[in-house]
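Peer 1: 3D model of this:
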Amino acid sequence: MDSPQDHPSGRKRRPENSKTVKTGPVVQPINRQSTEEINVVKVLPSKTTGHLIPLLLLTIAAGATRLWRLGQPSAVVFDELFYSRFVHMYINRIFFFDSNPPFGKQLIATAAYLAGYGNQNETFEQIGDPYAEDTPIVVLRLLPALFGAFLIPVSYLISTELGYSRFESTVTACCFLFDNALVTGSRFVLIDSINLCLLLLAVLFVLRFTHEACLSYTSAKYGLLTGLFMGLSISTKFLSLNTLLVLGWVVVRHFWKTIDDLTISAGKLWKYLLFWVFLVFWVPLGVYVATFYVHFLVLNKAGPYDAMMSTRFQASLEGGLAAITQGQPYDIAHGSQITLRNVAGVNEEPCWLHSHDAVYPVRYEGTNRGSSHQQQVTCYSFKDVNNWWIVKRPGKKISGVAGYPDVIQDRDIIELVHGISGRLLNSHDVAAPMSPECQEVTCYMDYNISMAPETLWRVKIKRQESDDKIWHAIHTQVQIIHVTNDLPETSPQALAVTGLRLPEWGFGQFEVVSSDQHSAFTVSLWNVEEHRYTKVDGNAENDTEGSVNKPVQLSFWSKFLELQWSMLGLSKDTVEEHVYGSGPLQWIKNDNGVAFWAEKGTNRQIYQVGNLVIWRTGALVVPLTVVILLVFALWNMRYPKSLPVSPAQWNRILASSELLLMGFLFNWLLFFFTDRTLFFHHYFPGLAFKFLLIGSFFGEVYERLGNSFVGRHVLHGLCVVWLLAVIHTFVLYSPLTYGWAVLSREELRDLERKESWAFIIRN
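Peer 2: Got it, this is the predicted structure:
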């Protein structure tokens, strides 16, 4: 009789004598041999009993390491400076901008709200400043600590799901339990522990999903949990994306192997494919969008951190810009007084078209180039009286707007008069100070020389909500095109911001140019933010027949897409240098730590640094695993019958190593290609996979060498010695992990095992 493995392709097929059972109109084959095989596969260490006691003990130890002295210090620690402020704003419904998605902050804010936080008068401005006396510090730090503690049982369960016993799973969990860096990062108002725990839960459930029968109830349950935690992790930090790509690959591999199983009908495979797409794409996407829906629903008030957003976005929030622009004229007309905001801004900073009394230097220092020596025009990042301009028709005097305004429409030619100096916006064939390939922009000063003014500009509407051709405040984005006799009407010589800062003579403000090189980008787009009509005979400035601005109401999708674009832009920005910046090479060697907090006048401090024993073990295990896999793979290709592991063991080794090595490498190697300043916490997802790999490596070594009585006891002894060294190192650095002791200068020097560690040492 042929077995399912007898198919020429090596795939399973239905036996000829398989019986069928009718369930309504569907006929399902019963394959006795396949059923037996499935039952054998189910009997893995992860499915047996006996894990409850080690899980319970490890969880208790995890709670102790994360919750001890949780309220100390009662001052702002590291990035609590930002996250505590964000939580306070959440509770008071004040909008803020952050480069990461909101779910982690929403969790902490919910707990803090239930504890009565939000009405405190928080005045902290820097790390080390005290919280208000009635701040529930323990509650603020509790959720990150609980998620940090939950990492330990989750890592244990992942190890058992990979097929390893209590021994190997305990080794894995101890790496998470006694790593000083993870303990430090999970005890404060930070989201790294939340993100890491959600990621590992996604790993756990994707493993359980792939171990279940196709489209079974448990498969559907674990599949939905996989999608849920994938969505929650990416909704906490964008850093999760690397791991989610690995999990997507695991699911794709699982589906590909399922296709090869001929015992599964084609119809069932199609259902399975649709379910797979639903769980790895639509469920995470739905969760991600839902967190932002809650974000916008709660944060409906203007605040100090909404300047990153567009004028329309800010005007849709209660108070702030909305209070300023409420009721202002809607149509831009001859005589309008306006502020022009650049749509793109610079490095996600807003900036407005600006001029002041200072002039360009006659000659630029360090070059042979000169300027027109006329009044500077810049883009300024703060609201200022010098940001105001008056719109006028060429050849027409500025007069008040009364009756029906002379509105400006698409392609109309205008002049812009600087409100304070009264000079016209001008550009001419003189090289810009920082970008000599572009033209200088000035406010024209008549020096009685042969340089005539070139002050005409064409308004070109690029984006508009309404169907008319009128230039509107807030809702219209325009290009302002320079017009001269030498330029054709279709010239793209647009007013633009280069993003370059002017030297000291330009007060560090941003360069504005006239250029055709920037016309295709948003740096050449402007919108009117504040607007009023010039008064006539003392009448109110808005007393006209023209329409007025109504409260701006943006749809959820408009807000969502704008915020995603802003977050993406900020995430891509390169921070030039930071005292605690680090990189992949430093991470692998544990070369860099981070000072979280230091008590004034003493050596008491909290310093985040990894457990040297665990990190050095991981640095050895990763290359050893790669070498051993290559040796075994070549051995299996040449001499498969003499491979020192069974086919089932070899498949398990390949499956677990593929997941763990890919998880580590994706969260480590890809940072070599990241053009931005990196920090210690960027390595945590890769570190988690390395810790899982340590347990896997110990398990495979134990299984190969622990069959004999002597070998088993020798390995147990070595593991006990290793674990004691881990615990000793953890305790040794606990004063820096918890900040519970004041160490002397000599004691700190003894702990500073690497020159790159920069402990704060006072006499």
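Peer 1: in the stretch 101-250 of the chain, which spans are helices?
Peer 2: Along the stretch 101-250 of the chain, counting by DSSP state H, counting those that start in this stretch, helices occupy 103-114, 137-161, 166-177, 180-185, 192-210, 217-234, 241-259.
Peer 1: out of these, which comes closest to Val579?
Peer 2: With CB to CB as the criterion, Val579 lies closest to helix 180-185 of the helices of the stretch 101-250 of the chain, at 17.6 Å. C-beta: built from backbone N, CA, C; applies to glycine.
Peer 1: related to what we said a few turns ago, just put the helices of the stretch 101-250 of the chain in JSON lines and tack on mean pLDDT, mean neighbour count and distance to Lys469.
Peer 2: Listed next are the helices of the stretch 101-250 of the chain as JSON lines, based on pLDDT from 0 to 100; neighbours: other CB atoms under 10 Å; distance: least, CB to CB, whole Å:
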{"stretch": "helix 103-114", "mean pLDDT": "94", "mean neighbour count": "20", "distance to Lys469": "43"}
{"stretch": "helix 137-161", "mean pLDDT": "96", "mean neighbour count": "23", "distance to Lys469": "53"}
{"stretch": "helix 166-177", "mean pLDDT": "93", "mean neighbour count": "25", "distance to Lys469": "63"}
{"stretch": "helix 180-185", "mean pLDDT": "96", "mean neighbour count": "26", "distance to Lys469": "56"}
{"stretch": "helix 192-210", "mean pLDDT": "95", "mean neighbour count": "26", "distance to Lys469": "48"}
{"stretch": "helix 217-234", "mean pLDDT": "93", "mean neighbour count": "21", "distance to Lys469": "42"}
{"stretch": "helix 241-259", "mean pLDDT": "89", "mean neighbour count": "17", "distance to Lys469": "43"}
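Peer 1: closest one to Thr123 among these?
Peer 2: helix 137-161 (15.2 Å).
Peer 1: Output the longest helix belonging to this structure.
Peer 2: helix 612-638 (DSSP state H).
Peer 1: Run through the neighbouring helices and strands of that helix.
Peer 2: In terms of contacts (3 or more CB pairs under 8 Å, 6 or more residues apart in numbering; DSSP states H and E), helix 612-638 is packed against helix 647-666, helix 684-705, helix 709-732.
Peer 1: For Gly118, find the nearest of the ones you listed.
Peer 2: Here helix 684-705 is closest among those (CB to CB), at 29.5 Å.
Peer 1: Is it possible to get JSON lines of the helices and strands packed on helix 612-638 that adds mean pLDDT and distance to Ile259?
Peer 2: Converted to JSON lines, the helices and strands packed on helix 612-638 look like this (pLDDT from 0 to 100; distance: least, CB to CB, whole Å):
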{"stretch": "helix 647-666", "mean pLDDT": "89", "distance to Ile259": "17"}
{"stretch": "helix 684-705", "mean pLDDT": "91", "distance to Ile259": "28"}
{"stretch": "helix 709-732", "mean pLDDT": "90", "distance to Ile259": "41"}
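Peer 1: Pick the most deeply packed of those.
Peer 2: When you average the neighbours per residue for each of the helices and strands packed on helix 612-638 (mean count of other CB atoms under 10 Å), helix 684-705 leads with a mean of 23.
Peer 1: May I have it exported as CSV, CA atoms only?
Peer 2: What follows is helix 684-705 as a C-alpha-only set of coordinates in CSV (Å, rounded to 0.1, in the frame of the first residue of the first chain):
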residue,chain,number,x,y,z
PHE,A,684,16.0,45.6,21.9
PRO,A,685,14.0,43.5,19.3
GLY,A,686,17.2,42.0,17.9
LEU,A,687,18.4,41.4,21.5
ALA,A,688,15.2,39.5,22.3
PHE,A,689,15.8,37.1,19.3
LYS,A,690,19.4,36.7,20.4
PHE,A,691,18.2,35.7,23.9
LEU,A,692,15.8,33.2,22.4
LEU,A,693,18.7,31.8,20.3
ILE,A,694,20.8,31.3,23.4
GLY,A,695,18.2,29.0,24.9
SER,A,696,17.8,27.2,21.5
PHE,A,697,21.6,26.7,21.3
PHE,A,698,21.8,25.4,24.9
GLY,A,699,18.9,23.0,24.1
GLU,A,700,20.5,21.5,21.0
VAL,A,701,23.9,21.1,22.8
TYR,A,702,22.1,19.4,25.7
GLU,A,703,20.2,17.1,23.4
ARG,A,704,23.4,16.1,21.5
LEU,A,705,25.7,15.7,24.5
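Peer 1: Now do it and helix 709-732, the angle between them.
Peer 2: If you take axes from the mean of the first three to the mean of the last three CA atoms, to 10 degrees, helix 684-705 sits at 160 degrees to helix 709-732.
Peer 1: how distant is helix 684-705 from the center of its chain?
Peer 2: Put simply, helix 684-705 sits 28 Å off its chain's centre (CA atoms, centre = their mean, to the nearest Å).
Peer 1: the inter-axis angle of that helix versus helix 166-177?
Peer 2: In terms of direction (the same axes, to 10 degrees), helix 684-705 departs from helix 166-177 by 150 degrees.
Peer 1: Give me the angle between helix 684-705 and helix 647-666.
Peer 2: Going by the same axes, to 10 degrees, helix 684-705 makes 160 degrees with helix 647-666.
Peer 1: re the thing from before, of the helices and strands packed on helix 612-638, which is nearest Met308?
Peer 2: Here helix 684-705 is closest among these (CB to CB), at 26.3 Å.
Peer 1: tell me what that closest one is packed against?
Peer 2: helix 137-161, helix 166-177, helix 180-185, helix 192-210, helix 612-638, helix 647-666, helix 709-732.
Peer 1: go with 7 Å
Peer 2: helix 137-161, helix 166-177, helix 192-210, helix 612-638, helix 647-666, helix 709-732 (3 or more CB pairs under 7 Å, 6 or more residues apart in numbering; DSSP states H and E).
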